[in-house]
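A.B. asks: Let's see this in three dimensions:
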Amino acid sequence: MILIFTITMVIWLFLKFYTENYSLGQILFDIPIIVLKTLAALFLIRWIAQKFFVERQQYVLFILFSIAALTITGFVDLLRDYLGSGRTWSDLPSTGYILVHSFYYSSADLAVPFLIIMIKKYFENQTSLAITKEQQKDTELKLLRSQLSPHFLFNNLNTVDALIDSDTQKAKTYIARLSSLYRYFIKTKEDDIVPLQEELKMAKDYFYLIETRFGNAYTFEVVEESAFAKAYIPSGALQTVIENVVKHNKIKDGVSVHTALRITEDAIILTNIKGNTTLKEPAESTRTGLKNLKERYELLVGKTILITDTSTHFQVRLPLVTLTNID
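C.D. replies: Residues are numbered from 1 along each chain as shown. Reported below is the predicted structural model:
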């Protein structure tokens, strides 16, 4: 777009100077300076905006440096206008005139390219937002299907069936935990974020079902519980990382896959020992769970999950969300 704008500007300037009876020497002198000045101002303002407006959020400095950049580049154009027409340094006007008109020269020239860029960015952002919302809907649908899938229910009913004859009391406890889990899934199926305490209770129920179903293949531990009344987390976040442990790790050399869940003031950190990952993974595993979760985090709360993958451990850090206004 900048290239197209530059070509258009060169053609327009050539026609302008030609109709104003400029000599060929003046045209060849003026056009390159105007083009270079405009591009220099454009990229300089872009760098200042990125550095001081976006990254540091120092808005006063952004305004001051932008004015300075426009004035300096505009002064180059003003010199071109004076010196190119045969005038000398002594013909330059007062300092106040120079400052005002230098700023005007650059700001006027940048109006069109900035307008084009803003329109382009606007439609890009609208397209990106629409795609992200569609991905979120798809993710939420897949999450709900996985929570209420017949496959998930079938496996748990088989476990209950096995427990009824061997340990009736444990079977009752298992059913109670399973019912609690499904009740939570149904309750939060339309929620974007949920209270940390409720998600943690769901995780404990999930831990119990996994440990009961797989025996000593998986063990879970809540290392530290710091309950925060205003702490929230995207719904299904813990379920996704827990499922990731079971799907991608199998017992290795008789050693259980141990997972520790630690809660800090600003995050939930889930760390598991890496088991045998060379076994064939389940067919329903698409390796997109954590990727989708990361996208949901960025969309919903503007934060990102951190993943640390070493030869022995796999860790996922889920930032907590603190709401000051629950509505």
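
A.B. asks: What segments of this protein are strands?
C.D. replies: Secondary structure of the chain (DSSP state E): strands at 193-195, 218-224, 231-234, 257-263, 267-273, 306-309, 313-319, 321-322.

A.B. asks: could you dump the ones you listed to a markdown table with mean neighbour count and distance to residue 62?
C.D. replies: No exception for glycine: its C-beta is placed from N, CA and C like everyone else's. What follows is those, written out as a markdown table (neighbours: other Cβ atoms under 10 Å; distance: least, Cβ to Cβ, whole Å):
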| stretch | mean neighbour count | distance to residue 62 |
| --- | --- | --- |
| strand 193-195 | 19 | 33 |
| strand 218-224 | 15 | 42 |
| strand 231-234 | 22 | 33 |
| strand 257-263 | 20 | 39 |
| strand 267-273 | 20 | 31 |
| strand 306-309 | 12 | 30 |
| strand 313-319 | 19 | 28 |
| strand 321-322 | 16 | 29 |
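
A.B. asks: closest one to residue 25 among those?
C.D. replies: strand 306-309 (61.3 Å; Cβ to Cβ).

A.B. asks: picking up where we left off before, what's the closest of the strands of the chain to residue 66?
C.D. replies: strand 313-319 (33.3 Å).

A.B. asks: pLDDT on that closest one, on average?
C.D. replies: Averaging pLDDT along strand 313-319 gives 93.

A.B. asks: Please enumerate residues in contact with that strand?
C.D. replies: By Cβ atoms under 8 Å, 6 or more residues apart in numbering, the residues outside strand 313-319 that reach it are 233, 237-238, 241, 244-245, 248-249, 266-274, 290, 297, 301, 303-309.

A.B. asks: now the strands of the chain as JSON lines including distance to residue 30?
C.D. replies: What follows is the strands of the chain, written out as JSON lines (distance: least, Cβ to Cβ, whole Å):
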{"stretch": "strand 193-195", "distance to residue 30": "58"}
{"stretch": "strand 218-224", "distance to residue 30": "70"}
{"stretch": "strand 231-234", "distance to residue 30": "57"}
{"stretch": "strand 257-263", "distance to residue 30": "66"}
{"stretch": "strand 267-273", "distance to residue 30": "59"}
{"stretch": "strand 306-309", "distance to residue 30": "54"}
{"stretch": "strand 313-319", "distance to residue 30": "55"}
{"stretch": "strand 321-322", "distance to residue 30": "56"}
